[in-house]
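Student: Just a sequence and a predicted model for now, questions to come.
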Amino acid sequence: MPGTFEAIPNSAKDTNLTTSPTPATPAVAAVIPAAGRGVRLGPGAPKALRALGGVPILVHAVRALIQARAVSLVVVVAPADGVAEVRALLDSNGLPESKEITVVAGGDSRQESVRLGLAAVPDDFGVVLVHDAARPLVPVETVDAVAAAVRAGAPAVVPALPLADTVKEVVPGAAGDPEPVVATPERARLRAVQTPQGFRRDVLAEAHRTITAEGEGATDDAGMVEQLGLPVVVVPGHEEAFKVTRPLDLVLAEAVLARRRAADVY
Ligand SMILES: Nc1ccn([C@@H]2O[C@H](COP(=O)(O)OP(=O)(O)OP(=O)(O)O)[C@@H](O)[C@H]2O)c(=O)n1
Ligand SMILES: C[C@](O)(CO)[C@H](O)COP(=O)(O)O
């Protein structure tokens with residue numbers, strides 16, 4: 001893939017970014033935002049700490065990133081009042097000790113949590129992957145593919161899948177009210193975006209330094225890079241990298257995990 005990515009366009013030249021290519025094999029760190037409450041999953045512990053197959057969702061996500069050969073550091077962003085609890089969970093759940101795991105406190109939005117996690121990545125890491133704790137079953141092949149694409153020269157890489165449903169753009173209304181349809185985007189051009197999203201470290205840092213968002217903040221790091229005017233590319237995602245958001249997602253995750261364990265591939 002080297003050489004297939006566009007150069008950084010003019011609009012990026014007012015930033016702190018360089019246009020030099022990434023070194024041949026820059027070190028890769030993973031930031032795992034895990035500080036959300038999981039409101040859509042329903043009452044209970046913070047989502048990342050809830051059990052999936054008897055193990056906290058977060059532990060599955062950390063394990064998936066640790067298994068990726070390219071990743072040599074994992075930074076977990078814990079709920080601000082849960083750093084010690086998360087540290088203890090990670091230490092007691094049999095994760096391989098071959099790779100360093102740092103735990104830092106998160107913020108009020110996903111965007112803020114990622115920014116705080118990135119701040120804990122030492123300067124000598126040239127590539128950063130950002131992976132939702134809420135995607136515990138991402139296959140290691142997906143992690144490796146994203147890391148490889150960034151190492152090959154892409155400033156920003158997202159795994160994504162084509163959509164199964166047709167999508168309508170609407171004028172949002174109150175819950176339950178009919179909503180007027182504005183447009184039906186051509187489905188073949190749409191992708192549902194997953195994580196880990198991979199970035200040249202300076203690109204992600206610049207995005208988090210300059211892009212501010214109201215309310216819940218940006219829901220997607222790659223979208224912030226797009227706002228900088230930098231190219232973002234999509235690589236194939238994976239059905240099992242789905243996000244545990246609502247109760248039915250947890251049912252599906254339990255089924256996928258049970259199948260993996262029965263096949264002894266976990
Ligand atoms: N302040 C926040 C909010 C979210 N996240 C993390 O961002 C990821 C994706 O967010 P989402 O699935 O929306 O998780 P929650 O915010 O926990 O869910 P909800 O919106 O239902 O409360 C999750 O791993 C979550 O822990 C975070 O680190 N800090
Ligand atoms: C980053 C993400 O997982 C890509 O699909 C998603 O945007 C996170 O959104 P959420 O609202 O925080 O779940």
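Tutor: Sure, I can see it. Numbering: from 1, shown residues only. Ligands and ions are numbered 1, 2, ... in the order given.
Student: For the stretch 51-200 of the chain, which residues are neighbours of ligand 2?
Tutor: Arg110, Asp132, Val193, Gln194, Thr195 (CB under 6 Å from any ligand atom). Placement of C-beta: from N, CA and C, glycine included.
Student: With respect to Phe242, which of those residues is nearest?
Tutor: Gln194 (7.6 Å; CB to CB).
Student: May I have the predicted confidence score for the closest one?
Tutor: Note on Gln194: pLDDT of 98.
Student: could you list every residue that touches it?
Tutor: For Gln194, the contact set (CB atoms under 8 Å, 6 or more residues apart in numbering) comprises Arg135, Val138, Thr142, Val158, Pro159, Ala160, Leu161, Gly237, His238, Ala241, Phe242, Lys243.
Student: Restricted to strands, list these.
Tutor: Judged by DSSP state E, those include Val158, Pro159, Ala160, Leu161 as members of strands.
Student: show me which of the residues you listed neighbour ligand 1.
Tutor: With CB under 6 Å from any ligand atom as the criterion, no member of these is in contact with ligand 1.
Student: which of those residues are buried?
Tutor: Buried members of the ones in strands among the contacts of Gln194, scored by 16 or more other CB atoms under 10 Å, are Val158, Pro159, Ala160, Leu161.
Student: so which of the residues you listed would you say is closest to Leu89?
Tutor: Pro159 (26.3 Å).
Student: Now do the contacts for the closest one.
Tutor: 142, 145-146, 193-197, 234-238, 241.
Student: So for the spatially closest residue to it that is not a sequence neighbour, what pLDDT did the model give?
Tutor: Counting by CB to CB, 6 or more residues apart in numbering, Gly237 is the residue found nearest to Pro159 once chain neighbours are left out, at 3.6 Å. Listed pLDDT for Gly237 reads 98.
Student: now the strands for the stretch 51-200 of the chain?
Tutor: 51-52, 55-56, 71-78, 100-105, 125-130, 156-162, 169-170, 181-183, 191-193, 197-200 (DSSP state E, counting those that start in this stretch).
Student: Output the ones you listed in a markdown table; the columns should cover distance to Arg63.
Tutor: Below are the strands of the stretch 51-200 of the chain laid out as a markdown table (distance: least, CB to CB, whole Å):
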| stretch | distance to Arg63 |
| --- | --- |
| strand 51-52 | 11 |
| strand 55-56 | 9 |
| strand 71-78 | 10 |
| strand 100-105 | 10 |
| strand 125-130 | 14 |
| strand 156-162 | 18 |
| strand 169-170 | 38 |
| strand 181-183 | 41 |
| strand 191-193 | 22 |
| strand 197-200 | 19 |
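Student: how about those, which one is nearest Ser92?
Tutor: Ser92 sits nearest to strand 55-56 of all the strands of the stretch 51-200 of the chain, at 10.1 Å, using CB to CB.
Student: In the chain, spot the helix with the most residues.
Tutor: In the chain, taking DSSP state H as the definition, the longest helix is helix 247-262.
Student: Export the ones in strands among the contacts of Gln194 as a markdown table, with columns for pLDDT.
Tutor: Formatted as a markdown table, the ones in strands among the contacts of Gln194 follow (pLDDT from 0 to 100):
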| residue | pLDDT |
| --- | --- |
| Val158 | 98 |
| Pro159 | 98 |
| Ala160 | 98 |
| Leu161 | 98 |
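Student: Which single one of those is nearest to Val59?
Tutor: Using CB to CB, the ones in strands among the contacts of Gln194 come closest to Val59 at Pro159, 21.3 Å.
Student: Next, work out how far apart the residue most central in space within the chain and Thr102 are.
Tutor: By CA atoms, centre = their mean, the chain has its centre lying nearest to His131, at 2.7 Å. According to CB to CB, to the nearest Å, His131 stands 14 Å off from Thr102.
Student: Show me the helices in the stretch 51-200 of the chain, by range?
Tutor: 57-67, 83-92, 110-119, 140-151 (DSSP state H, counting those that start in this stretch).
Student: Rebuild those as CSV, extending it with mean neighbour count, mean pLDDT and distance to Ala35.
Tutor: Formatted as CSV, the helices of the stretch 51-200 of the chain follow (neighbours: other CB atoms under 10 Å; pLDDT from 0 to 100; distance: least, CB to CB, whole Å):
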stretch, mean neighbour count, mean pLDDT, distance to Ala35
helix 57-67, 24, 98, 10
helix 83-92, 16, 96, 9
helix 110-119, 22, 97, 5
helix 140-151, 22, 98, 21
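Student: Cool, thanks, talk later.
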